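Trainee: dropping a prediction and its sequence here:
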Amino acid sequence: MAPLQLLLIDDHALFRSGLRLVLLQGMADVEVLEAASLEQAVRTTDEPPALVLLDIQLQGVNGLEGLGLLRQRWPQVPVVMLSSIATPDTIAQALARGAAAFVSKGDTPDQIIAVIRHTLAHLQQLPLASSVPIKPGVPRLTPRQCEVLDLLCQGLPNKLIARRLQVSEFTVRGHVQAVLGLLGVNSRSQATFAARQNGLIG
């Protein structure tokens with residue numbers, strides 16, 4: 001079986017090399033391709049990678065803009081955003097633009113690998129193409145946003161959602177903010193009501 005290709009896009013060579021080593025040591029059967037820019041990333045591989053790790057602060061182009069370009073080029077490929085600025089607002093912006101997940105550069109190697117594994121496993125169960133538009137006018141939620149919404153509607157706090165999904169609490173906060181924004185509501189209770197009204201949950 002051919003190794004899974006992970007594409008790491010970050011303009012800091014030292015960080016790229018370190019993360020590449022972490023991924024190769026911590027994950028079996030993966031190949032890690034490196035690129036310092038979006039232009040180089042596109043030239044690095046002819047075939048879509050299994051997953052992209054994208055720095056949110058690339059030189060020359062904003063990482064969020066880069067996320068949109070990558071999603072256009074490889075719509076089926078999940079993009080995990082990397083940043084040293086892990087604020088809920090930054091996370092929410094990335095997730096609202098289609099990022100599959102968000103990891104802080106301050107996370108431990110085990111945490112980063114867990115997010116990547118979970119993202120890849122989830123992709124096999126439910127492709128990104130099946131982001132759910134239930135009715136006309138209902139916002140498209142990514143599979144991960146649907147997971148967060150479902151757990152939120154069960155009344156779980158962010159800490160338990162994070163534990164269930166094996167991501168950081170900061171990432172969950174970002175998902176919750178993104179979901180509230182997409183649903184056009186201001187609270188978790190309003191999100192639950194809107195989700196039921198629009199058939200997003202049972």
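Mentor: Thanks, I have it.

Trainee: ok, Leu149 touching Leu200?
Mentor: Yes: counting by CB atoms under 8 Å, Leu149 touches Leu200, with 6.3 Å between them. All C-beta spots, glycine's among them, are computed from the backbone N, C-alpha and C.

Trainee: next, show the common contact partners of these two.
Mentor: Leu141 (CB atoms under 8 Å, 6 or more residues apart in numbering).

Trainee: buried residues of the lowest-mean-pLDDT helix or strand in the chain, list them for me.
Mentor: Least confident helix or strand, the chain: helix 88-96 with a mean of 77, by mean pLDDT, DSSP states H and E. Within helix 88-96, the residues that qualify as buried are Pro88, Thr90, Ile91, Ala92, Gln93, Ala94, Leu95, Ala96, counting by 16 or more other CB atoms under 10 Å.

Trainee: what comes into contact with stretch 165-172?
Mentor: Stretch 165-172 has contacts (CB under 8 Å, 6+ apart) with 86-88, 91, 101-104, 107, 111, 114-115, 118, 144, 147-148, 151, 158-159, 161-162.

Trainee: how about a cut-off of 10 Å?
Mentor: With CB atoms under 10 Å, 6 or more residues apart in numbering as the test, stretch 165-172 has contacts from 81, 86-88, 90-91, 94-95, 99, 101-104, 106-107, 111, 114-115, 117-119, 122, 144, 147-148, 151-152, 156-164, 174-175.

Trainee: how about stretch 55-72?
Mentor: Contacts of stretch 55-72 (CB under 10 Å, 6+ apart): 7-12, 15-16, 35-39, 41-42, 48, 52, 54, 77-79, 81-86, 90-91, 93-100, 102, 105, 128.

Trainee: what average pLDDT does that stretch get?
Mentor: For stretch 55-72, mean pLDDT is 82.
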